[in-house]
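Engineer: build the 3D model from these lines:
(3 chains)
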Amino acid sequence: MPRVSFVSVTKNFGKHVALDGVSFDVSDGQYLCILGPTGSGKTTLLKLLAGLLKPDEGTIYFDGKPVNNVTAQDRNAVYVPQQYALFPHLTVLQNVAFGPLAKGKPASVALAAASTALDLVRLSWRAQALPNELSGGMQQRVALARGLASGAGLLLLDEPLGALDARLRLDLRHKLRDLVKQSGFTAIHVTHDQDEAMSVGDEIMILRNGKLQDYGPQRRVYRRPASIFVANMIGGASFLEGIVDTTVGETALINLRGGLTIQAPSKTLTLTDPVILALRKERVRISRDRLEMDNVFKGEIRSVRFLGNSKEYLIRISNGDIIASRQFAESEDGAFNVGEEVLVGFLESDALVFEYPAEGLRKELDVA
Amino acid sequence: MQGTKPEAANSTSLPARLVLILERVSARTGVTKGVYSIAVIFFILIVITPAIAGIVVQLFSLPSLALSPDVAKRMEAAVQWSFVIGLVVSTLDVLAGIPLAWLIVRNHGHWTTILDSLADIPFVVPTVALGFSILEFWSSPMGIAQLFGSTSLVSPGVILIMLLHFAFSFPVIVRVMVGEFLNYRESYEVAARTLGASPLTAVRTVTLPILRPGILAAFLLALARSLSETGATIVVAGAFENGTVFINNARVSGLTSAVVIASLTMIVSSLVVFGLIKIIAPRIRVLPLRVWPNLERKLSKSPVVATRNAITLIGFLVFVLLPCLFLALPAVEAVAGGTAIEAFAGVGPWKAFWSSMLLSYVIAVLATIVNIVSGLPVAILIARKRFGTRVAKIVDALVDLPIIVPSLALGVSLNFFWRTMGTLPEFWVILLAHTTITYSYFVRTMAASIQGIAPELEDAAKTLGAQPFRVFRKITLPLTKYSLLSGAILVFTRSVDETGATSAVAVNLKTAPILLVSWITGKVAVTPAERALGVGFLVATSFFALVILRLIAIRISARKVA
Amino acid sequence: MPELDLVGVSKSYGNIQALTDISLHVENKEYVCILGPSGCGKSTLIRCIAGINKPDSGKILIDGESVEQIPIEDRRIGYVFQDIALFPHMSARDNVSYGLAVRHAESTEITTVTNEMLDLINMRDRSKAYPRELSGGAQQKLAVARAIATGSHLFLLDEPLGALDAIVRAELRYELRKLASDLGLTVIHVTHDQEEALSIADSVVVMKSGRIVEVGRPSEVYASPRNLFTANFVGETNLLEGKVLETDGSKCTVDIKGHTIRVSGFGEVGQRVILSIRPEFVSLTTPTVVGWKGLIKQVTFLGNLNRYVVEVEGGIDIIAEVSTAEYSTGFRVGESVMLSFEDVHMLLFDYPGEGLEKEISLE
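Structural biologist: Predicted coordinates:
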């Protein structure tokens, strides 16, 4: 029996449809990461689970029982907002002990739970501090401890690392996951940062404009994304427009503009279908000499982007299309320069083929 | 571990058990909604309906609606004058108050904090005392007239009324504008300056337009006070009649139909004027930018700013502070002269004085309690939109009603509703009148404060398992306790101060301000010393309230900085 | 041709020393990113440059001239705020033309320049919209256009992309950079995001606790940081504590809890050191080759790479990142592996006097 079940849930705010017929299951102890741009409905989803909002349609089940009419305080699902919502007038200890006390536990039990949680996040030494005396990272840990101490079992984290510096986020995201896993809680963690979503969750769910786009383990969602939007949202890719020319067995030949052809897996493509090809950046190789790959083109390096542990090259091929290639941990002599003529190539199996989107490519990739 | 221990949930003490029961009760569906509903019903039935229904029914119960021609003419002129005075004074208050508020906020330091407190004085000094003080300052031979070698600089009449209204509405503007400036995001103005705007241009084209809603609110508040004020206006009016003076005169002369018609006219006109301003003003388009860069640059320079500040301060001193504090002199003289001893002995007129002070305080305390208990749920309803946005907006507008409607007219209506339509004893009618008049102050203060608490705090508390009563007790209340205190003090001082409605309602019982009005206008014969001292005593209580309010405000801002 | 010089700039607020002795030279048309954790003083620094804050001491020179006495509005510096600060009561068009209007420019000039700006950011068709009706990314672009419209060539950007989603940030930063290049602007861009700084800056200035700790080109700062803080802050790295066993002048043999390694660098025998090796330079192979033996503790799939936490003897956790470009199945939890590092990628640092945690602390 899944721990949490969302069945065809819709939520409207006036004319705006925040969530549109969303359905998914979360199993006990799972750490689910929901990824989506601002305005995609992530916070609404969490609030519906928490009981702070009521669905207009559909049902939410906890352990098989419908909870639509169960109040937030009786649901045992702790909501941790982005700004942590630590009670400013209570000490760290009082904050963390709030949950058990609110549920009627004796003071001794509440204090014990609070102490354990504070030990877990390594903040026992700040038990008497007020929230505004702590740094951002510490406040985040207190908010987490408060959730863990409540004994609720389901943690709803709304952009838990959003208020922190980029570098701090890198450090804390793994610690956050470890802590949650250690305590055996089921967690639903919402974010707009795909690096975070990939590192932290067991599974990943993509939301866009209130609709569920994809849901599954990271590897599957990354390797076989359900749509162009998902491919762009996770990992990024180069997108090329083309038309299916012929299919030979498992391979399809796709015509790009300017007379170039690409070999791609044929799947269920029909002739003369307009399609979009997505290429993962790390799957595109560049070379000065030869490339033993199914698809090779000549091109010119248009720009080089240094990203620290990798470099991203934008190569313009003869028909004017731009292909991106990401080289990881590259050595200086292997580096390419702007203006250089190179060969760029990729395997047939790495060309992800999608139907041409009804609203056009630009709209499909729009995340603003 | 030091620090406050979380309370034991298994303690068997009575208060603890009571709290637990309340918590469990609050968890039941419909209980919280029920509490809000009761509070709203109380508000509508006890506060709003009598205020409007009374006068309407009275109108229909009049034998004849005819007024004699000169009474009708007097009334028309009086009502028009009320609005003219109100609009002129409010505009002047806004023009004078903004620079002072600016000065206070932008020059944060010790003496600006003192200035801030001084700006509150006219607000807390009871308006009767204010009227008396201003009368002495501008009209008597002991006042400013001395400097000019005459016996009186400004005689009682329309100008004096304007000076009075200017003074007592001034702190309202300053308070609101200081709050607006403090909440204002500095980056707008800095952005304008990085784009090349001189400080004056930036304030004129960016800051003030953005703060327009606040300025409008301050303006309307000042207007409401001006239209509403009775006691002090009577003291300084002399032979002149504005709306409230006319109604009072008509009441004293027994011209009931004139009283009713004038009251209704004032009520309806106020509602219309406020409604129009509220709807039209926000829609006025911000005009295309007209800039005079060189001129404004010159005007932004320090000498100009210093001059402006000097003028603001002098103006504040001469037109607001000195006139308000002037009564201190005669009061002190009276103490020195031995009148104080008589006062404390309860001799002569003092007997009546002390019993009216007692009455004032009793009513003030009761009104405060009723307001807190009945007003808190309504404040939460407005702030958190518990019944949806539309209901919140409607209740919000209704809560403003008692402020917009001139208190004397309100009193006439209430008097008819409770005494003629019902048969409530005078004490209770006075209490109800005070409750109605002060209701808005408490609800407004609390609603603003609750709105200032991030809803996430309550959300988090709920999902941690806290039932509604616990959320209120452990989160909402502690975070708004200072505002609760401020609101209570505002209600208390406003009630002690109340003259307008009370004068329409009180026949035999006299509250302190009513009594003092009769002392000052000579209806009751007292010596100047006695008069000064009586006013002085009334002021003293309000002074303590002011001190407490200031301390609270300092605590709140200290917390914000921390 | 704005070039900027900061000489010994210091500023304190009460007992807090926000800036200590900041000296920096920015060339004409250079794009400089000031990178550092929250509270390091980066915002205070650019506010001093803009004239919003006054430094306690030191000089700020634009094109060789001191600007201390010049008020904000006359410094002719474009500024983009962290909270965007678009005027809510003005339309997009009026916002953009504000800078020109307050200088009393000719109305024809105002219209022309405003249209140019709106075209630059592709918002001509939304010129009548109010800020609250626009998305975060659109608002940000509008704020930039508004600053550019004044014709300034020196720009200060305070976390200009901070309020945006990760994916929008990653796209917009390149647009911002291109705009700066096309218009020949000198830019100082403040951020806490090291990937942002590395990808678009000509020069990166790393700040910590009110001081500049390092200046250099992105590739230099990343590959050869001169101090531990920079090594840890700009990108991830493994920091291994050890002791120098032997040295021959140019190379040392370092002992790390029983594992030895030879690395270039100077150190005295017995000296405590920290070895820094970035995760992408930790090679993992099956246990047949020479190296350190370890056990895979954790595997995280990150799309374009796999992140491994490897535990080696002595209780040390080493993070390795391996590209998924090759379709190798990768290693699994519990598998034995061999780690090796190349000398050229390893950096040696003195053990910091105040302890490692304090030195690299981000808060």
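Engineer: ramachandran angles for B:Val347?
Structural biologist: Note on B:Val347: backbone dihedrals following degrees, to the nearest 10 are phi -80, psi 150.
Engineer: pLDDT at it, what is it?
Structural biologist: If you check B:Val347, the pLDDT there is 73.
Engineer: ok, B:Arg531 next?
Structural biologist: 80.
Engineer: how many neighbouring residues does it have?
Structural biologist: Using other Cβ atoms under 10 Å in any protein chain shown, the number of residues around B:Arg531 comes to 23. For glycine as for every other residue, the C-beta is placed from the backbone atoms N, C-alpha and C.
Engineer: so it, which of the three states?
Structural biologist: Secondary structure, DSSP: H, G, I helix; E, B strand; the rest coil: B:Arg531 is helix.
Engineer: you'd agree it is up against B:Ser518?
Structural biologist: No - B:Arg531 sits out of contact with B:Ser518 when judged by Cβ atoms under 8 Å, with a separation of 10.4 Å.
Engineer: ok, stretch C:127-140 near chain B or not?
Structural biologist: No - figure legend: stretch C:127-140 not in contact with chain B (Cβ under 8 Å from any Cβ of the partner chain); closest approach 11.1 Å.
Engineer: residues contacting that stretch, please?
Structural biologist: Residues from elsewhere that reach stretch C:127-140 (Cβ atoms under 8 Å, 6 or more residues apart in numbering or on different chains): A:38, A:368, C:80, C:84, C:86-88, C:90-93, C:95-96, C:114, C:118, C:123, C:126, C:142, C:160-161, C:163-165, C:168, C:172.
Engineer: next one: stretch C:292-301
Structural biologist: Residues outside stretch C:292-301 that contact it (Cβ under 8 Å, 6+ apart) are A:198-199, A:218-219, A:222, C:259, C:287, C:306-313, C:317-318, C:324, C:330-340.
Engineer: CA atoms of it as CSV?
Structural biologist: Once non-C-alpha atoms are left out, stretch C:292-301 reads as follows in CSV (Å, rounded to 0.1, in the frame of the first residue of the first chain):
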residue,chain,number,x,y,z
TRP,C,292,44.6,3.7,-2.9
LYS,C,293,42.2,0.9,-2.2
GLY,C,294,38.7,1.8,-1.3
LEU,C,295,35.1,0.7,-1.1
ILE,C,296,32.2,2.5,-2.8
LYS,C,297,30.0,3.9,-0.1
GLN,C,298,27.4,5.8,-2.0
VAL,C,299,26.5,6.3,-5.7
THR,C,300,24.5,9.2,-7.0
PHE,C,301,23.5,9.5,-10.6
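Engineer: per-residue confidence averaged over it?
Structural biologist: Rounded mean pLDDT across stretch C:292-301 is 91.
Engineer: same check on stretch A:323-335?
Structural biologist: 81.
Engineer: could you tell me the end-to-end distance of that stretch?
Structural biologist: With Cα to Cα, to the nearest Å as the measure, the first residue of stretch A:323-335 is 17 Å from its last.
Engineer: then stretch C:266-284?
Structural biologist: First-to-last distance for stretch C:266-284 - Cα to Cα - comes to 27 Å.
Engineer: looking at the stretch 251-400 of chain B, which residue is nearest chain A?
Structural biologist: Using Cβ to the nearest Cβ, the single residue of the stretch 251-400 of chain B nearest to chain A is B:Thr389, 10.0 Å away.
Engineer: that residue: neighbouring residues, count only.
Structural biologist: Neighbours of B:Thr389 under the rule other Cβ under 10 Å: 9.
Engineer: from chain C, how far off is it?
Structural biologist: Distance from B:Thr389 to chain C, counting by Cβ to the nearest Cβ, to the nearest Å: 18 Å.
Engineer: got the domain boundaries for the chain?
Structural biologist: All of this is about chain A. As given by automatic domain parsing, the domain ranges for chain A are A:4-229, A:254-358.
Engineer: nope, chain B please
Structural biologist: Annotated domains of chain B cover B:30-66+B:327-562, B:74-283+B:301-326 [automatic domain parsing].
Engineer: A:Tyr61: which of these is closest?
Structural biologist: Using Cβ to Cβ as the measure, domain B:30-66+B:327-562 is the one of the domains of chain B that comes nearest A:Tyr61, at 17.7 Å.
Engineer: per-residue confidence at B:Ala562?
Structural biologist: At B:Ala562, the model reports a pLDDT of 42.
Engineer: for B:Ser557, same thing?
Structural biologist: Reported pLDDT for B:Ser557: 66.
Engineer: ok, A:Met233 next?
Structural biologist: pLDDT, A:Met233: 91.
Engineer: over to B:His110?
Structural biologist: On pLDDT, B:His110 comes in at 78.
Engineer: ok, B:Pro141 next?
Structural biologist: B:Pro141 is given a pLDDT of 82.
Engineer: so for stretch A:68-80, first residue to last residue, what's the gap.
Structural biologist: 20 Å.
Engineer: try stretch B:453-473
Structural biologist: Span of stretch B:453-473 from end to end, Cα to Cα: 14 Å.
Engineer: which residues of chain A fall in helices?
Structural biologist: For chain A, the helices defined by DSSP state H cover A:42-50, A:92-102, A:107-120, A:136-149, A:166-183, A:194-200, A:218-223, A:228-233, A:361-365.
Engineer: right, is the second one up against chain B?
Structural biologist: Yes - Helix A:92-102 is in contact with chain B by Cβ under 8 Å from any Cβ, via A:93-94, A:97-99, A:101-102.
Engineer: could you tell me which of those count as buried?
Structural biologist: Neighbour-count burial (16 or more other Cβ atoms under 10 Å in any protein chain shown) applied to the residues of helix A:92-102 next to chain B gives A:93-94, A:97-99, A:101-102.
Engineer: how many other residues sit next to the residue in the stretch 1-150 of chain A that chain C sits nearest to?
Structural biologist: The minimum distance from the stretch 1-150 of chain A to chain C, using Cβ to the nearest Cβ, falls at A:Ser135 (4.0 Å). Burial of A:Ser135 is recorded as 15 neighbouring residues (other Cβ under 10 Å).
Engineer: local confidence estimate at it?
Structural biologist: Note on A:Ser135: pLDDT of 89.
Engineer: quick check: closest non-adjacent residue to the closest residue to chain B within the stretch 251-363 of chain C.
Structural biologist: Closest approach between the stretch 251-363 of chain C and chain B, counting by Cβ to the nearest Cβ: C:Glu363, at 18.6 Å. Leaving aside its sequence neighbours, C:Glu363 sits nearest to A:Ser135 (Cβ to Cβ, 6 or more residues apart in numbering or on different chains; 4.0 Å).
Engineer: quick check: the one you found touching A:Leu172?
Structural biologist: No - using Cβ under 8 Å, A:Ser135 makes no contact with A:Leu172, being 11.6 Å away.
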